[in-house]
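Asks: give me a 3D structure for the following:
(4 chains)
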2 protein chains.
Amino acid sequence: MSEPKNASRLVRKQISFAVYGAAGRMARMHKPFLDPISLTFPQYLVMLELYTDAPRTVGELGTALGMDTGTITPLLKRLQVSGKVSRMRDPEDERRVIVDLTPTGLAIQEEVWGVSEKIKTACQMTEGDLTALRDTLHNFAHPAKA
Amino acid sequence: MSEPKNASRLVRKQISFAVYGAAGRMARMHKPFLDPISLTFPQYLVMLELYTDAPRTVGELGTALGMDTGTITPLLKRLQVSGKVSRMRDPEDERRVIVDLTPTGLAIQEEVWGVSEKIKTACQMTEGDLTALRDTLHNFAHPAKA
DNA sequence: AACTATTATATAGTACGCTAGATAAACCGG
DNA sequence: CCGGTTTATCTAGCGTACTATATAATAGTT
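Replies: Model (predicted):
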């Protein structure tokens, strides 16, 4: 009776479980590289986004990264406490908060960028496979509107 | 001047960001189906695992799902509070805690199983594509040992 | 039986990630 | 310029997830 009645129902068969496991492993793979520069994985994504274009408002960062305001606000506060970003009200529109890189944040730019290369190496997948997987997941996460 | 100097560094180009986004969207897709039966997404995974084989020890569940003891213990306590599982010390080895389904937990089995079909439909991907993606991610999350 | 090591689980602290509700500035029709 | 709506952000609370540490039972050794 410990035999599963319907093997197709196994957790391991679920696409959701595969994505869940991959996300966890991805974060764990980054940790040893991010710990020395005192960044968590979501903080790392925010820094990458700021290196691409800064300053940005809180809302722009949230939209670009798919993070909720209730997630990104405390995250940015922690980045501010660790000295990597600054936050100030936009004088033009005081509803907005402008996030910018500090000298400290800029100083670790090369190290932050280097992390992605180390990850790609650790993945042990070909460049082509990685690109294909990335595009498949991206299409899933951001499907075309109906 | 808004052109990034190094397009390969963009967050959107990162495989890690693609996995991160897909995991978030996956959890959000499950929410409307899981809310009516008062389950969170990780709790849903635990229930699936228990329907496959119960009773199980805390350690067995954690290994099967890739969850840490610090994650799964409070999760199981919440499932116990909501009446879906029971927890008791193993009389054979009192270090272990045995987790089992309650009548309440068994009663929602068909509903829980039905969720995965609804997700597959909502994904708008072919069965073959889903299987291929699942296997790719599974290989990534559980690579062959060195 | 006492000592030590190992194993299984629990607890505490930090950091997401979500939702709901609050706050305050900007906009807009009359 | 006045009141209502919209927009941008913040706050609070719950549920994961992780790390490090603690507890407690079992197993092995002497």
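Asks: near DNA strand D, which residues of chain A show up?
Replies: With CB under 7 Å from any atom of the strand as the criterion, chain A comes near DNA strand D at residues A:20, A:24, A:27-28, A:31, A:57-59, A:62, A:69-70, A:73-74, A:76, A:87, A:93, A:95-97. For glycine as for every other residue, the C-beta is placed from the backbone atoms N, C-alpha and C.
Asks: what's the local residue count around residue A:44?
Replies: 22 (other CB atoms under 10 Å in any protein chain shown).
Asks: what residues are up against the closest residue to it other than its chain neighbours?
Replies: Closest residue to residue A:44 apart from its sequence neighbours, by CB to CB, 6 or more residues apart in numbering or on different chains: residue A:34 at 5.5 Å. By CB atoms under 8 Å, 6 or more residues apart in numbering or on different chains, the residues touching residue A:34 are A:40-41, A:43-44, A:115.
Asks: and those residues, which of them are in helices?
Replies: With DSSP state H as the criterion, helices contain A:41, A:43-44, A:115 from among the contacts of residue A:34.
Asks: who touches stretch A:123-131?
Replies: A:29, A:120, A:133, B:15, B:136, B:140, B:143.
Asks: drop anything exposed from the residues you listed.
Replies: Among the contacts of stretch A:123-131, those classed as buried by neighbour count (16 or more other CB atoms under 10 Å in any protein chain shown) are A:29, A:133, B:15, B:136, B:140.
Asks: can you list those in CSV and add pLDDT and distance to DNA strand C?
Replies: Shown next, in CSV, are the buried ones among the contacts of stretch A:123-131 (pLDDT from 0 to 100; distance: CB to the nearest atom of the strand, whole Å):
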residue, pLDDT, distance to DNA strand C
A:29, 92, 14
A:133, 88, 19
B:15, 91, 16
B:136, 84, 21
B:140, 72, 18
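Asks: okay, these in a markdown table with secondary structure and distance to residue B:50 next?
Replies: Shown next, in a markdown table, are the buried ones among the contacts of stretch A:123-131 (DSSP: H, G, I helix; E, B strand; the rest coil; distance: CB to CB, whole Å):
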| residue | secondary structure | distance to residue B:50 |
| --- | --- | --- |
| A:29 | helix | 29 |
| A:133 | helix | 31 |
| B:15 | helix | 32 |
| B:136 | helix | 27 |
| B:140 | helix | 26 |
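Asks: filter the ones in helices among the contacts of residue A:34 down to the ones near DNA strand C?
Replies: A:41, A:43.
Asks: ok, the ones in helices among the contacts of residue A:34 vs residue B:11, which is closest?
Replies: Comparing the ones in helices among the contacts of residue A:34 against residue B:11 with CB to CB places residue A:44 closest, at 9.4 Å.
Asks: for that closest one, list the residues it contacts.
Replies: Residue A:44 sits in contact with A:30, A:34, A:112, A:115, where contact means CB under 8 Å, 6+ apart.
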